[in-house]
Structures are given as structure tokens and as C-alpha cells.
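just coords:
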């Protein structure tokens, strides 16, 4: 089963290597890993998806906590969460195909970000299956190039803890909260 | 020059010091008396500043030796051991020792010099990315590029190495960080480890579940591991076993955690454990794993391992829970603290039926035991170790073994009553460990009688440290169990590779002459009758002694669970020998 973790780490050199090395060392296969800044400059946030059963998932969490630079790990697999991937897809679009491709992009609420005589580049943000869906229908026209960021995820409602501070080891998780998909 | 300002006054006012001086100052404040090291270009500023320090530096002959010495020091004393090396090859030579300490949860701090921070990444002379190399084999590591980071890093390294599940920490310090100066303020350099959680404890509910299993078990066994010794829970484990009447089986690194002579002590389990110990585990209905990690050498085939038993796992490292064996109740925390919670709540239950049935499992083990076989005139390693035990059992003796057949015979025939009386490389199985680790043990506990027990193969991997013993005037006794083979590998070839002894026979030097060349009193023993006199002579001699025991060449460690076999499927000593013994 694909597990999604939100991992807060100290924003220090080499921390990404430590996390990536852990997965390699313990033979857990990373499906996707993204890392970026948070609301606190001293804290970075990773979203990691890994294929693992329940016991493995717990051990991954325990192993992440063994890394001294890891501040907080949340397995949000079974939590209500907003999960987003971003893709840029360069698709062959000659004169005849162009309007079809534009139409499909519109259906998927994707944006055209570059237009060239022989191609269109489409940017799409959404859950992974939505992007997979667009990719599927674009493939017959010829996908020339594609890049995906890998997913970023955030729990819904105010239940997400936000980036923990680096001055304290106290990471109380906030109470569950009700929220609605919008 | 070092000033004589009292420490309290020092912490009031920061003063300007070089990174190198701060390093030694911090080591002193961490309680370090001795370091094991080897100088070189990138660590020279630190060595230059050593003259102002009270710390004694022991010059090793190879950096691997320095790490094993730090490890032996840590295991003998429970204190953090320190090894020092230069960049590049000095640092990479430490890798085996660091991995050894990692797998056996031994607290050591390794300090390496690094090329100047401006040169990092340029493939400069003797530059190696040692923090990259040691990433998976350290508990944590640091690259220090400014003098101002030295104090905090050292404090964090020591705290991390010895707290929680202990382990090796490496500090790589660039040459310019050693040379440059900054304000030194010990108090201000407190560890800042917001992500480090060494102190976990179980939930009340989990304690209740554990107690329920303990009170309902008919055939429980305690599996006693290294965690008992690390946690210092020997008295608690003994009280627990005595109060509950539960017998105790030991892992290799658990030896000494529970007295060998105690009526509830079953002995060592696993690949070369006694047959009845493994049978007891297979027949148990409850395993209480105390600070052990279900290593494959202990479990055999996981599919058939203790399949009728519930399992309680008391373990400080949550990442060990359900790693190899699925457990029913995990109690994650410091073993001593967990037992303090459990002890007032455990009831004493009559287990005589279970203990009697274990006695029956012993079966013909006694007649199969080599100690009870008729004297064939051969010198067997098991005899040598048994004699060594008889001659040294009464004192404060530390035996440091290498890896292989002699290690298993030592575990079987040297009856350890006390914790930290056996030091051995378990997890990594590092040949060459014994001699340097014994040096570390002797430095940590100078009053103890330290014996190296090692094979002729492993001895030759680190024998250069004989010079360290002599230079430091250390009274270390060395028993080489010399069978002219890489014995354990030969044994596997005998059992599993049709006696194809590929690359296992050893053409050895005369070890006694070699010892003499170093100025070490040396002797050779070829007959059993010479063993006890040799051990006594070694004890009486006021200096290091080397004894070359020329033992039976093709001897075998029994019983044996083949790798991957079920724990109860043991290769026993062939019955022919047993029959001969019974005939007599």
C-alpha cells in the first residue's frame, strides 16, 4: 500500500541525503519525495510516498525518527488530506491537432504555458490520478517531454500541526478538526 | 599553556581559543582521560594542541585498531571511547571499527581531521567525504568547518553516543576549524537536538497486556540480550527471573547479563547455542525479549521460530519492533525503567513443571559434551578455554574474543558470571577485533585481568597492535587458538561445501617468536597438560604474555543450526563419538 508521510526536518546541509540514504539502506522503495521550505525558515518539509505494509510503515516512521535532524513525522495515508502533484507536459500539436489538445486541457482545467509551432506545453496541478488521466488522453498526440514534481500533501482542517519549532522537543498534535473539500 | 582558572570561573567569561584547543578542553570536560589515535596532516593542529591537555594519547599502529580500542574501552566501562585519525586513509581505516560499534550499539566518538574548508570537494590530498562514507554506519555524524562549532558538536556527539540506544558518532573537523580561534563558552554550547528522542516509555495499557501474558504463560522464557548490560539492568533482570521463576536464555552479547551459575540460566541460544536452549525456545508459549533484536543468528528460520509463543519485546529502539519477529506486546523504553514498572506487579508462579521439562530436554547433551569425552591425547580448543576459565574465574577477568570457532567455544565453555566480563564482536562479526579491543578494555579497567582469546586468522589481521601493548606497558594476556585454518569457514566448507577447503588453510609464522620480537613473553602449548601451567605463568608474569595454543586442526563447533534452518534442527556431534564415550 502506498503510504504518504509528511516529514519535518531541520533545514541543514545534508539532511536530504540522510533521509534518502535511510530508505536505500533499509531497502524501502521511495515512490516520490519532495522537499521545500515551510513557514519557518529553520524547518524544511518533505512529502514522501513509499510502498509499505502496516508494519513496515511503522518501522519507516521509527527509522525516520532515528535521524537526529527529523523533527516530526506524520503518516497521513488514512487522514483527510489535500494531495497535489504538478506536471508540465509538452505535447506534439500540429495545426490539425492543436484545437483537440487545447480542448482536452480545458476539460482537465490545465493551463497552456508555452506555445510553439509544433508543440504545446501544458501545466496541470492536481491529484496524481487526474494528471495520469490527462496524460492518458494526450498520449495519442505524442508526448514529447514531461516532468512531474512528485506530490505535496497537507492534512485538511486546522488539524495539521504546522512546522514544529527547533527549540523544543514538544510536538503536541492538535485536535482533529472538521473541514470540507473545496 | 593551560591555565589554572577553576572551571566555574571559566564558564563565566568566554575566552579566545583555537578550535584544536577547544576540542581537547571539551573532551576533558566530557570526562575523557585517554584517546586512541594516529596523527596525520589534516589532524596535526589538534595533535599540536594536545600538549596543553591532561588527556593521555595512545598511539595505535592502524586506525582500525583505534576504533576497536575505543569500542573495547566503551564495552568494558560503559563510558564513551574516543578514537582520533587524520583525513582520507586515516578516516577510511576507521570504517570497520565504526560499523562494528554500530551493530553492537557501542558508544564511541571518532574524531577525524579534514582538509581545509576551502578545499572540500576539490579532491585535495587525503580528502575523503568521510561523513558521506560513514552515514549509514554511524548513529550520527558531523562536519565541522568553524572553530565556533567545535564545542557544541563535541557535547552533542557525546550525548548522542551514550544516550538512548548507544552508537558511534563521528566528528570530521576541517584543518582551518582546528586552527582558527573563537570565543569558547562551555555553558553556551549546550546540545541543541530538537529532533532527538532517546527517552521513550511504554503506555500503561501495554504494561497491562504484558503482565497479562506473563501471568497466563505456562512455558515462558526470557531472552536476555546486550540491552540488559547497556541499561545496567542486571539486578532487575535477576529479580524478575527469580520472582517469576522464568528461565533465562542468553544471546552472545547477553552473556554476563545473567550469572552463568544461576539455576535459571539456560545458557546461550541460537546458531551455536546448546540444543536444549533452542528446544526450550521452540517449545515456549511466551518469549520475553529483554534488550535483544532477534538477530538471524539467534532465530534461525523465522517462519518456524517459536511459532507457538506470544512475544513481549522490551526494547529501547522502536525501529526494532516487528523488524524480524512480529511481537504481541512491544514495551519501548529503557529496560531498567520498564522492569522497575513491571517488578512490583509480577506475581510469583510455580514453574517447576516447565523447568523439569526443560531439564528433560537436556537429554544426552552431557555425554555429547566434549568436556566429558575421554582424553584422546589431542589438544582441543574447548579444553583450553575450559582450563582458562577454571584458572581465571575467581578474579576480575575480562575475556575479549575475536570471531569464529574460538568465539563460540568461549561462549560455550567460559562461564561468565558478571556483565562486561566478555567483550566480543557480535553483530558485525569483525575478525581482528580482539587484540585492539582488549587494549581498550585494559585501559578502561587497569585492575582487571584482561585475556585476548583469538584465532590464528583474526590475530593476524590486527597483530600490529602488539607494539601498542608494549609501548603502553599494558598487561594483556593473549591466547591464540591456533588450528592452522580459518576454522569457522572451514567448518562451513566441511558441512556445506563437501570439504572443499578453498582458501582456509593458513601457513602461519611462529607466533611465539613473533611475540618475542615485540618483547612480549611468549610460549607455545601443544598438549593439554601444558595449558594450565601456561595460564598460571601468564598470570604471574608482570607484563604481557602470548600463548600459542596449537590445537586440533579440524575441530568442529557443535551444535550448529545451519544458516536458514529452523532453530530446533541442529547438527549435533556425530553419534559415533557419543557411542564411544558411552561404551567406556
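Looks like it came in fine. What you see is a predicted model; the values in this text were computed from it and never measured.

Kindly report the domain assignment for chain A.
Here the domain parsing of chain A from automatic domain parsing is A:2-78, A:82-148.

which one of the ones you listed lies closest to residue B:207?
Comparing these against residue B:207 with CB to CB, the closest turns out to be domain A:2-78 (19.8 Å). In this view, the C-beta of every residue, glycine as well, is placed from N, C-alpha and C.

before we move on, back to that, next, format the domains of chain A as a markdown table and append mean neighbour count.
Written out in a markdown table, the entries for these read as follows (neighbours: other CB atoms under 10 Å in any protein chain shown):
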| stretch | mean neighbour count |
| --- | --- |
| domain A:2-78 | 17 |
| domain A:82-148 | 16 |
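
Output the ones you listed in TSV; the columns should cover mean pLDDT and distance to residue B:553.
Formatted as TSV, the domains of chain A follow (pLDDT from 0 to 100; distance: least, CB to CB, whole Å):
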stretch	mean pLDDT	distance to residue B:553
domain A:2-78	95	40
domain A:82-148	95	63
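
residue ranges of the strands in chain A, please?
Listed in chain order, the strands of chain A (DSSP state E) span residues A:2-10, A:30-37, A:43-51, A:70-75, A:81-92, A:111-115, A:119-126, A:143-148, A:152-155.

what's the spacing between the longest one and its chain's center?
Mean C-alpha position of strand A:81-92 versus that of the full chain (CA atoms, centre = their mean, to the nearest Å) differs by 10 Å.

Let me know the angle separating that strand from strand A:30-37.
What separates the directions of strand A:81-92 and strand A:30-37 is an angle of 100 degrees, with axes from the mean of the first three to the mean of the last three CA atoms, to 10 degrees.

Quick one: list the elements packing against strand A:81-92.
Under the contact criterion of 3 or more CB pairs under 8 Å, 6 or more residues apart in numbering or on different chains; DSSP states H and E, the helices and strands touching strand A:81-92 comprise strand A:119-126, helix A:128-138, strand A:143-148, strand A:152-155.

Looking at those, which is nearest to residue B:406?
Distances from residue B:406 to each of these were compared by CB to CB, and the smallest falls on strand A:152-155, at 54.7 Å.

Spell out which parts of the stretch 351-500 of chain B neighbour chain A.
Residues of the stretch 351-500 of chain B lying near chain A by CB under 8 Å from any CB of the partner chain: none.

what ranges do the strands span in the stretch 351-500 of chain B?
B:397-401, B:422-423, B:449-455, B:476-482 (DSSP state E, counting those that start in this stretch).

what sits up against the third one?
When you say that, I think you mean strand B:449-455. The set of residues external to strand B:449-455 that reach it, using CB atoms under 8 Å, 6 or more residues apart in numbering or on different chains, is B:385, B:388, B:392, B:395-407, B:410, B:414, B:431, B:434-435, B:438, B:441-442, B:475-483, B:486-487, B:539.

The helices and strands packed on strand A:81-92 into CSV, with extra columns for distance to residue B:521?
Below are the helices and strands packed on strand A:81-92 laid out as CSV (distance: least, CB to CB, whole Å):
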stretch, distance to residue B:521
strand A:119-126, 79
helix A:128-138, 73
strand A:143-148, 71
strand A:152-155, 69
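
so which of these comes closest to chain B?
strand A:152-155 (20.2 Å; CB to the nearest CB).

quick one: average pLDDT of that closest one?
Per-residue pLDDT values over strand A:152-155 give a mean of 93.

partners of that strand, with directions?
According to DSSP bridges, the neighbouring strands of strand A:152-155, each with its direction, are strand A:81-92 (antiparallel).

by how many degrees do the partner strand and strand A:2-10 diverge?
100 degrees.

List of residues touching strand A:81-92?
Around strand A:81-92, the neighbours that count as contacts under CB under 8 Å, 6+ apart are A:4, A:101, A:113-114, A:118-128, A:131, A:134-135, A:138, A:141-156.

Spatially, what comes nearest to the residue nearest to the spatial centre of chain A if we skip its sequence neighbours?
Nearest to the mean C-alpha position of chain A, counting by CA atoms, centre = their mean, stands residue A:151 at 1.3 Å. Leaving aside its chain neighbours, residue A:151 sits nearest to residue A:85 (4.7 Å; criterion: CB to CB, 6 or more residues apart in numbering or on different chains).

Please tell me how far the one you found sits from residue A:137.
As for residue A:85, its distance to residue A:137 is 17 Å (criterion: CB to CB, to the nearest Å).

swap in residue B:422?
According to CB to CB, residue B:422 and residue A:137 sit 68 Å apart.

residue contacts, the residue in chain A that chain B sits nearest to?
Taking CB to the nearest CB as the measure, chain A has residue A:62 as its residue closest to chain B, at 3.9 Å. When contacts are counted by CB under 8 Å, 6+ apart, residue A:62 is found next to B:317-319, B:321.

Then residue A:55?
Residues near residue A:55 by CB under 8 Å, 6+ apart: B:322, B:326.

how far away is it from residue B:204?
23 Å.

now residue B:464
Residue B:464 sits 55 Å away from residue B:204, taking CB to CB as the criterion.

Show me which of those two is the more surrounded one.
Remark: of residue B:464 and residue B:204, residue B:464 carries more neighbours, 17 against 9, as counted by other CB atoms under 10 Å in any protein chain shown.

how close does the nearest residue to the more buried one once chain neighbours are set aside sit to residue B:114?
Counting by CB to CB, 6+ apart, the nearest residue to residue B:464 once its immediate chain neighbours are dropped is residue B:61, at 3.8 Å. Residue B:61 sits 23 Å away from residue B:114, going by CB to CB.

Any idea what the residue nearest to residue A:151 is bridged to?
The bridge-partner assignment for residue A:85, based on DSSP bridges, gives residue A:126.

Same question for residue B:170.
Residues in beta-bridge contact with residue B:170 (DSSP bridges): residue B:110, residue B:141.

mind putting the strands of the stretch 351-500 of chain B in TSV, mean neighbour count included?
What follows is those, written out as TSV (neighbours: other CB under 10 Å):
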stretch	mean neighbour count
strand B:397-401	28
strand B:422-423	26
strand B:449-455	27
strand B:476-482	28
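
Take the ones you listed and write them to CSV, including mean pLDDT and distance to residue B:18.
Putting those into CSV (pLDDT from 0 to 100; distance: least, CB to CB, whole Å) gives the following:
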stretch, mean pLDDT, distance to residue B:18
strand B:397-401, 98, 37
strand B:422-423, 98, 36
strand B:449-455, 98, 37
strand B:476-482, 98, 36
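
Identify whichever of these lies nearest to residue B:249.
Distances from residue B:249 to each of the strands of the stretch 351-500 of chain B were compared using CB to CB; the shortest belongs to strand B:422-423, at 15.8 Å.
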